[in-house]
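# Quick one, fold the following:
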Amino acid sequence: MSNVRTGSLQATSVISGNTNNHSSGYQAIPIESVEDKIRRITPVQFLLLVDQLLLTRSGGNMRPRRSIIACASRQYDEDICKRAGGREHI
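From the prediction side, this is the model:
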């Protein structure tokens with residue numbers, strides 16, 4: 001036999017008994033990371049490039065070579081180099 005009781009659990013507010021879920025009138029401003037801000041202000045046509053640069057940067061490479069970014073970008077979009085005005089094959 002187990003000493004664990006079964007039944008419904010009810011969550012209670014530890015902070016206050018405020019039932020309308022409003023605090024003292026202040027709303028917390030969501031904190032936006034630098035990466036999120038960069039993505040938000042980047043034009044759509046450059047998002048793939050920016051995502052690849054941020055991904056490489058998060059791995060510790062602050063100055064990746066163009067070929068690394070191009071190869072990584074090409075995995076997601078085969079025609080990216082052609083549309084950018086570069087060579088078809090890298």
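
# low-scoring stretches of this structure, by residue?
Within the chain, the ranges that satisfy pLDDT under 70 run 1-24, 81, 84, 86-90.

# number of nearby residues for residue 52?
Residues lying near residue 52 (other Cβ atoms under 10 Å) number 20. The C-beta positions use only the backbone N, C-alpha and C, and glycine is treated the same way.

# Show me where the protein has its strands.
Using DSSP state E, no strands are found in the chain.

# Please enumerate the helices of the protein.
In the chain, the helices defined using DSSP state H lie at 34-41, 47-58, 66-76, 80-83.

# elements contacting the shortest one?
When contacts are defined as 3 or more Cβ pairs under 8 Å, 6 or more residues apart in numbering; DSSP states H and E, helix 80-83 sits against helix 66-76.

# and the angle from the helix it packs on to helix 47-58?
120 degrees (axes from the mean of the first three to the mean of the last three Cα atoms, to 10 degrees).

# Spatially nearest residue to residue 40, not counting backbone neighbours?
Using Cβ to Cβ, 6 or more residues apart in numbering and skipping residues adjacent in sequence, the residue nearest residue 40 is residue 32, 7.6 Å away.

# about what we covered before: now the helices of the chain in TSV, please, with extra columns for distance to residue 26.
Shown next, in TSV, are the helices of the chain (distance: least, Cβ to Cβ, whole Å):
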stretch	distance to residue 26
helix 34-41	23
helix 47-58	32
helix 66-76	42
helix 80-83	45
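
# what's the most buried one of these?
Neighbour counts (mean count of other Cβ atoms under 10 Å) averaged over each of these peak at helix 47-58, with a mean of 15.

# how about that one as CSV, C-alpha atoms only?
The C-alpha coordinates for helix 47-58 follow below in CSV (Å, rounded to 0.1, in the frame of the first residue of the first chain):
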residue,chain,number,x,y,z
LEU,A,47,16.7,36.5,-42.4
LEU,A,48,18.3,33.3,-43.6
LEU,A,49,21.7,34.9,-43.7
VAL,A,50,21.2,36.6,-40.3
ASP,A,51,20.0,33.3,-38.8
GLN,A,52,23.1,31.5,-40.1
LEU,A,53,25.4,34.3,-38.8
LEU,A,54,23.8,34.2,-35.4
LEU,A,55,23.9,30.4,-35.2
THR,A,56,27.6,30.4,-36.1
ARG,A,57,28.2,33.2,-33.6
SER,A,58,26.5,31.3,-30.8
